[in-house]
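1. coordinates only, sequence not included:
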């Protein structure tokens, strides 16, 4: 009787230990996966503006003569596992370009009316690296020969909707104010760049670059930039006049700040925008 009791007690302890071990094993595996997906320790040498001039930008399919003086473009970089592409057909009256390092995706967007452009950068499951790569066309549309055919280019995040019939009025406003950029103000955040930083920390991809962002913000303040701002911009939609004399300067200034700050490009843009008066507000409702 006593021997049976001891066996049962030992079995209970063993089962409890096995459950604890299994929980720890699952937690460790989950952490390893997160570390792999959100690893901020990668070589950035190939992402500098100088290095990008050596990258082969290969168009997957030929475009016809530009339909007008304005084009829309969007981007996605990374593996199929984290794909967030909007699968709606595009307006056939406006040239739409999609820039990516994912050839499978480019084949699919071509069927929806996009003109695909392949940028020859490594395809990675690392979401930090992929997001950093996606900032190349977002910040530097002028390095793409196809986009330089147009006076105006409209960048849209691949998840948002945009009504292309608004383009004439948006362009008219830019021409009237001699603006280089037109962007929406952030719908929720105002007054202080640290509000952007605080909200960003709720997402793994930004939290992984916390130290980098803190160092960046500290340096910008030390250089004389202000945390308090009149406008906090929302970079999910950007209309640029590529022929404006300051556009390329702003593009490259912003891109360098993105390399310094990390992938939270709205935060870096709030510092960059303090230097330029040719950035105007876009209406909030664009869909």
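-> Ah, there it is. Owing to the predicted nature of the structure, the values given are computational and were not obtained by experimental measurement. Residues are numbered from 1 along each chain as shown.

2. From residue 257, how far off is residue 225?
-> In this structure, residue 225 and residue 257 are 10 Å apart, going by CB to CB, to the nearest Å. (Each C-beta comes from the backbone N, C-alpha and C, glycine too.)

3. before we move on, what about residue 284?
-> Noted for residue 284: a distance of 25 Å to residue 257, by CB to CB.

4. which of those two has more neighbours?
-> More crowded of residue 284 and residue 257, by other CB atoms under 10 Å: residue 257, with 20 against 11.

5. Give me the pLDDT value at the residue found closest to that one once you drop the neighbours it is linked to in the chain.
-> Nearest in space to residue 257, with sequence neighbours left out and distances taken as CB to CB, 6 or more residues apart in numbering, is residue 268 at 4.0 Å. Predicted confidence (pLDDT) for residue 268: 97.

6. same question, residue 24
-> On pLDDT, residue 24 comes in at 65.

7. Over to residue 42?
-> Reading off the model, residue 42 has pLDDT 81.

8. Quick one: end-to-end length of stretch 96-104, please.
-> The first and last residues of stretch 96-104 sit 18 Å apart, counting by CA to CA, to the nearest Å.

9. For that stretch, buried residues please.
-> 96, 97, 98, 99, 100, 101, 102 (16 or more other CB atoms under 10 Å).

10. and if you look at stretch 250-270?
-> Across stretch 250-270, burial judged by 16+ other CB under 10 Å covers 250-251, 253-255, 257-259, 261-270.

11. who touches the helix or strand hosting residue 255?
-> Following DSSP states H and E, one finds residue 255 within helix 247-261. Contact with helix 247-261 is made by 44, 47-49, 132, 135-136, 139-142, 180-181, 212-213, 216-217, 219, 240-242, 265, 267-269, 271-272, 275-276, 278-279, as judged by CB atoms under 8 Å, 6 or more residues apart in numbering.

12. ok, back up a step: now the residue nearest to residue 257: how far from residue 42?
-> For residue 268, the distance to residue 42 (CB to CB) stands at 18 Å.

13. What of residue 237?
-> Applying CB to CB, the value for residue 237 to residue 42 is 28 Å.

14. These two: which is more packed in?
-> A side-by-side neighbour count of residue 237 and residue 42, using other CB under 10 Å, places residue 237 first with 19 against 14.
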